[in-house]
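Participant: got a predicted structure plus its sequence, pasted below:
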Amino acid sequence: MNLFERLYRYREKASKHERENYLTELLATILERNPSLITILCTDAGINLPSRSVYTIRTQQSYAEGRPDIVIETAAHEVLLLIECKLEAGEGHEQLANYQRILAASSAAQKGIIFLTKYYEAPRAKPVVCLRWYQLFQRLSKLPDSELLSLFREYLIFHRLHQPMSFQSADLLALEQIQATITKMDEILTPIEWEFRRYIGGTYQYTKTRCPRFEEGWYGYWRFAGSATFSAGFLCGAGEMPRCFVEVKTWSGSPEPVFEGEKRNTFQQAVRKTWNLPDSKLNDLVIAKSVTAFMTTSGQDEGVIAMREWFQARFQELNQLLEQHSYFLQGVSPVPPELAAEE
């Protein structure tokens, strides 16, 4: 998994997703380390950035008129460039008009706004310039390569921000097959959903929760219970072979015991041991197996049976561990008696 994706998953909260703000901070970091990208974006905005300019980059800068995601300003107040980053959301009410008021109040000689979006936006009048994430990705190829830049490009690819959204021939073929593919995944997951739900989630959450997960690169079940999210299904991230997976992701408490050794986070410790994940962080435990490992040329049902058995075995392991560590679904980590005496 990409480093930037791991960092986001570590700080993500159960009820709060801030991918857009996180991506803004990543872009600001790339800009700080790649002055030539600033020059490119200024050119996109119709700004001639003076050579050897000393500039500052700020994120979430507050003005009376609003709070642009990224503000690039030269020390001599020659240039002011505002960048607004969007993923799934569109323009806020009068957002760009308010940003133009910020420009109007500035004494900078050259000013502009870049509206950076995932989806197509109708062209706006200057000083607003619309730019897509895939176009930014293309501009990154003009920069000297570095490990940080490579990770950023990988991150954009992982979230499908690197390519135009127009349909291609391959997309039409995929759409033709998508219902059949979903039916095949349902064939695996539907009969064993009861096992997934034995201890986690409730009967009010049915399989209709699967499809929205496609947007995040996977298809399957998810339940929030206690201090964790339990997920299971098919991972289908961009540029990766599809995998069956089961995941336990937690937010509360320290991700790793520091002084108490194995005495705290006992449920997570048990999951890690059961799934043989010695190098995985306790706050994000994932067991996965490539779909290709279940494919067979003999017997049409053999792969289906093997996949179901794999998921069912993982669910049974989780259920047994949750039964043994029942405290976990209450979101409370037990304190061993010897530690309780000390406290």
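Facilitator: Thanks, I have it.

Participant: for the protein, which helix is longest?
Facilitator: Ranked by residue count and defined by DSSP state H, the top helix of the chain is helix 302-324.

Participant: any idea how many residues pack against residue 133?
Facilitator: By other Cβ atoms under 10 Å, 23 other residues sit near residue 133. Quick note: C-beta positions are derived from backbone N, CA and C, even for glycine.

Participant: skipping adjacent residues, who's closest to it in space?
Facilitator: With Cβ to Cβ, 6 or more residues apart in numbering as the measure, residue 161 is the residue that lies nearest to residue 133, at 3.9 Å, once sequence neighbours are left out.

Participant: same deal with residue 162?
Facilitator: residue 137 (4.3 Å).

Participant: can you list the weak-confidence ranges in the chain?
Facilitator: For the chain, the stretches with pLDDT under 70 are 1-17, 201-213, 215, 226, 237-239, 251-264, 296-300, 330-343.

Participant: mind jotting down where the helices sit in the stretch 51-200 of the chain?
Facilitator: Here the stretch 51-200 of the chain has its helices, by DSSP state H, counting those that start in this stretch, at 95-105, 133-140, 147-158, 169-189, 193-196.

Participant: with distance to residue 325 added, can I get these in CSV?
Facilitator: Shown next, in CSV, are the helices of the stretch 51-200 of the chain (distance: least, Cβ to Cβ, whole Å):
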stretch, distance to residue 325
helix 95-105, 47
helix 133-140, 42
helix 147-158, 33
helix 169-189, 25
helix 193-196, 18
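
Participant: now the residue nearest to residue 133: how far from residue 291?
Facilitator: Residue 161 sits 25 Å away from residue 291, going by Cβ to Cβ, to the nearest Å.

Participant: repeat for residue 276
Facilitator: Remark: distance between residue 276 and residue 291 (Cβ to Cβ) = 20 Å.

Participant: of those two, give the one with the bigger neighbour count.
Facilitator: Between residue 276 and residue 291, counting by other Cβ under 10 Å, residue 291 is the more crowded of the two (18 against 8).

Participant: list the contacts for that one?
Facilitator: Contacts of residue 291 were listed using Cβ atoms under 8 Å, 6 or more residues apart in numbering, and they are 234, 241, 242, 243, 244, 307.
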